[in-house]
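Peer 1: Coordinates for the following, if possible.
(2 chains)
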Amino acid sequence: MAVVIFSPYSKRVEVDVGGSLLDAARLAGIKVESLCGGKTKCGKCKVKISQGAENLNELTLVEKDLVDSELLANGFRLGCAAKIESSGKFFGSVEGGSHVVVEIAPEDQERAQKILSEISELSGRFTPHPLVNSYPVDVPEPTLEDPTPDFERLATFLNREYGLVNLEIGYDLLKELPNIVRENEWSMAVTVWDNKNILSIEKKRNLERTYGIAVDIGTTTIVGYLVDLRAGKVIATEAILNPQIPYGADIMTRMNYCIENSNGLNELHNIIIEALNKLIGEICAKTGIRLKDVFEASIVGNSVMEHIFLELSPNFIALSPYPPVIKKGVNVRACDLGLKINPRANVYVLPIIAGYVGGDNIGVILSTNLYKEQELTLALDIGTNGEVVLGNKDYVEVCSCAAGPALEGASLKHGMRATTGAIEKVHIDGDTLDVEYETIDDVPPRGICGSGLIDLIAEMLKSRVISNTGAINLDLKSHRVRARDNIPEFVIEWSDKTKNSLGDIVITQRDIGEIQLAKASLYAGASVLMKRRGIEEKDIDRILLSGAFGNYTSKESSKIVGLYPDIPLNKVKTIGNGAGSGAICALLSREKRKDAQMISESARYVELTVTPGFEEELMSAMYLPHQDLSRFASLEARLSK
Amino acid sequence: MGDEALNNIIQSIIDGDKGTAVNATKEALRKGIHPDEIISSLKKGMDEMTARTTDFFLPPRYASSTAASGVIDIIRDHFAHAGKRNHTSKVVIGTVEGDNHDLGKNLVKVMLEATGYDVYDLGRNVPKYQYLDKINEVKADICALSATMTPSLYKLKEIIDLIVKNETKVKLLIGGRAVNLSNAKTFGADAYGQNETEAVKVATELLRVASRKKTL
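Peer 2: A predicted model of the protein is given here:
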């Protein structure tokens, strides 16, 4: 018998000799992915052994075959193949007996935990220093000896007690001031923005209850984070679909709507404000927080989304040379935008870098701290419009790639967003071409989302269903491979196994082409940025994959399809919603806001379409993983066998 | 022996091998093969490559096109020195103002050249008056316009309106990722090509119809 400990949960279970680590995980209630059900076939149940590897059986042949050699070298094993061997001298205590410590990688942890870890990781990177502060005040009442007027009276107190100088009060609040102070007998709570603007004067309340909201307005998805400004942490997260989608799936068609209709901008603006009000309303209702206690909002989005949010014309971003209306961050009162939080709350919209590189990208740079570190980072923010960032403390260069909505599951025959019923993990048996998969929420499949698509393409490539050009091999002796209307396709699941028997779920040759284009544009963007600076793969210290897509997608499959340059997997990290995290950073920190401005001014934008050599890079990157296989030396052996 | 050079051209176009294509062309010219024959080999190679590929995978088409443009450059130089060229139909081509994407436009350009058209490429992000000026200058038969982003369609419409207003005889052929057949109809263009092969087919058809009208 041995004790298996699962980190970071500190769960321990006792396992008999011969028991596998996958069994141990089930016993401990830890979710470790496995598609084949522990039959040493799918290769998905990889776990990292951080201690006690000597208490396990030796590496099996099947593991050598299914697991990347790089991962094996880093202590990874297949949960189903790694079994307890030595009963050792087990004395009942871990310290003295055989034990194995298994590390569960962040991307294998369950989703809810993932969002939390994303935030906790953030808070370690900077000290919260919000612009909004609330103060308890007990101002002496006016007397004959000291008949100082109401406002000066309050200001003097705030200066004496809290050192605030040059305070300003808006006209609307000034009108209410004499009544408020007397109703509360001069004992109140005062909330101030940026040490100068009085946002609210009210009855004394629990000053812990000072909140802000950070919002990432994506072309497809809007995510809101309710933040406790005093504690510097996220309390609740909520995501909704962008209700502008009916006006166009991408920013091009949205801009087009504004150009085409004289009232188009106003219409799209109102829709987004309404959506944010609904989102914020729901988060506040869920957490029991009053809307008026939300004293600041911080907004990120691509340039077009930020323009529409501010009701600034995006019409001229559309065409070369893509000039935005404003680049620096904008501060505007919530009531002026119709945002239903505290009406005097400041709404801070992050600065942008260029017409096609917005505040969302600055958010990624801010939250990852890459602009402050010695290490060289390559960050890929994967959305409808993808951005690639290369840089460190010495320089930051960015480019924008029209990846298209394919990686978000949109625009494909059976593509869908990552919601209930989406196929998110796929394994294809190399011999039988049988497909094993997992769906979100374990229900019958309705379609396939981005992470599933990348897995699928990687598996199709490994099992030779497709060639390196992406062409489906119609000569294969499998009923899963067929042509419909002269377009080849591969059947992922048969109609009778799907939700409501909606027909066979397939991926078509056209779908594969869309994904090839999307992944090639990201790879080529990265490649162009690297070449400009004379950077090679070995010079890169880490690759960060940001965006909902990057969050749940297998790093290994992404590499097999050639989404990012060939860099060891241990240097590749998924960071969740980097843009949203950036909005949170800016909400919580005065310094981060200054940094955002600095990044906006100093980051260099590279326009790919006019960069010599870009087209050739794009073309050769459309192959899987690349036309020049020597660029993916770590995969060469596996893909050419 | 001349056949061998031409076969080499055909094969190198199919393979997208620019170096071999260029060498084989020089070889063919040295042997006194008529440039028209080289051009028709070019077309053979392009057609064969098209037959082997799909619309879903661009790289082979791009590679063949790059190889073909290498051949065309040499032929053009040859004509420049020889100073004479048989009459061919003239095409003015470009991507509309505000649009920097010219990959598709370049494929069409090379395919037109390989078919024997005399092509005047204005490049990308081209203001509307430049099209009009060039059309008048060279007495173009066809003006081919590409728009790849949805907002570029407005620029496309502007150019078409300008050209139509000026009553040139030029035929308007449009294409690009943002364009479809219904745009072509509503904007008042003469034809639409979905890809480079179709564009050439449509261009030839346009001129055939135009010349028939003239004879009537």
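Peer 1: Setting aside sequence neighbours, what's the nearest residue to residue 141?
Peer 2: By default, I'm working from chain A. residue A:186 (5.5 Å; C-beta to C-beta, 6 or more residues apart in numbering or on different chains). (Each C-beta comes from the backbone N, C-alpha and C, glycine too.)
Peer 1: I was after chain B.
Peer 2: Of all residues not flanking residue B:141 in the chain, residue B:89 sits nearest, at 4.4 Å (C-beta to C-beta, 6+ apart).
Peer 1: quick one: the strands in the stretch 201-350 of chain A?
Peer 2: A:211-217, A:221-228, A:233-241, A:294-301, A:330-333, A:346-349 (DSSP state E, counting those that start in this stretch).
Peer 1: Tell me which of these lies nearest to chain B.
Peer 2: When those are compared by C-beta to the nearest C-beta, strand A:294-301 sits nearest chain B, at 18.5 Å.
Peer 1: Please name the strands paired to that closest one in the sheet, noting orientation.
Peer 2: strand A:211-217 (parallel), strand A:346-349 (parallel) (DSSP bridges).
Peer 1: quick revisit: give me the neighbour count for the residue nearest to residue A:141.
Peer 2: By the other C-beta atoms under 10 Å in any protein chain shown criterion, the neighbourhood of residue A:186 contains 18 residues.
Peer 1: Next one: the residue nearest to residue A:429 when sequence neighbours are not counted relative to chain B, how far apart?
Peer 2: Computed as C-beta to C-beta, 6+ apart, the closest residue to residue A:429 that is not its neighbour in sequence is residue A:41, at 6.7 Å. For residue A:41, the distance to chain B (C-beta to the nearest C-beta, to the nearest Å) stands at 31 Å.
Peer 1: Is it correct that residue A:41 is in contact with residue A:430?
Peer 2: No. Between residue A:41 and residue A:430 there is no contact under C-beta atoms under 8 Å: 9.3 Å.
Peer 1: residue ranges for the strands of the stretch 501-641 of chain A, please.
Peer 2: For the stretch 501-641 of chain A, applying DSSP E, counting those that start in this stretch gives strands covering A:505-508, A:542-546, A:572-574, A:604-606.
Peer 1: what's the longest helix in chain B?
Peer 2: When chain B is parsed with DSSP state H, its longest helix is helix B:59-82.
Peer 1: one step back: which one of residue A:41 and residue A:430 has more residues nearby?
Peer 2: residue A:41 (20 against 14).
Peer 1: part of a strand, is that one?
Peer 2: No. Assessed with DSSP: H, G, I helix; E, B strand; the rest coil, residue A:41 is coil; it does not lie in a strand.
Peer 1: Quick check: nearest residue in space to residue A:409, chain neighbours excluded?
Peer 2: Closest residue in space to residue A:409, ignoring its immediate chain neighbours: residue A:415 at 3.9 Å, by C-beta to C-beta, 6+ apart.
Peer 1: Enumerate every residue touching that neighbour.
Peer 2: Contacts for residue A:415 (C-beta atoms under 8 Å, 6 or more residues apart in numbering or on different chains) come out as A:406, A:408-409, A:447-449, A:453, A:511.
Peer 1: Name whatever forms a beta bridge with it.
Peer 2: Applying DSSP bridges to residue A:415 gives these bridge partners: residue A:448.
Peer 1: And the pLDDT for it?
Peer 2: pLDDT, the model's per-residue confidence, is 88 for residue A:415.
Peer 1: Also residue A:330?
Peer 2: Note for residue A:330: predicted pLDDT of 98.
Peer 1: so it touches residue A:311, yeah?
Peer 2: No. Assessed by C-beta under 8 Å, residue A:330 is found out of contact with residue A:311, at 11.2 Å.
Peer 1: Out of the strands paired with strand A:294-301, which one sits most buried?
Peer 2: Compared across the strands paired with strand A:294-301, strand A:211-217 shows the largest average neighbour count, a mean of 28 (mean count of other C-beta atoms under 10 Å in any protein chain shown).
Peer 1: Now do it against strand A:221-228: the angle between them, please.
Peer 2: Counting by axes from the mean of the first three to the mean of the last three C-alpha atoms, to 10 degrees, strand A:211-217 lies at 160 degrees to strand A:221-228.
Peer 1: got the CA coordinates for strand A:211-217 in PDB?
Peer 2: C-alpha atoms of strand A:211-217 as PDB (Å, rounded to 0.1, in the frame of the first residue of the first chain):
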ATOM      1  CA  TYR A 211     -16.900  48.100  -5.200                       C
ATOM      2  CA  GLY A 212     -15.900  48.400  -8.800                       C
ATOM      3  CA  ILE A 213     -16.700  46.600 -12.000                       C
ATOM      4  CA  ALA A 214     -14.200  45.500 -14.600                       C
ATOM      5  CA  VAL A 215     -15.600  44.600 -18.000                       C
ATOM      6  CA  ASP A 216     -14.100  43.000 -21.100                       C
ATOM      7  CA  ILE A 217     -16.200  43.800 -24.100                       C
END
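Peer 1: I'd like the average pLDDT over it.
Peer 2: Mean per-residue pLDDT for strand A:211-217: 96.
Peer 1: from the middle of its chain, how far away would it be?
Peer 2: Put simply, strand A:211-217 sits 15 Å off its chain's centre (C-alpha atoms, centre = their mean, to the nearest Å).
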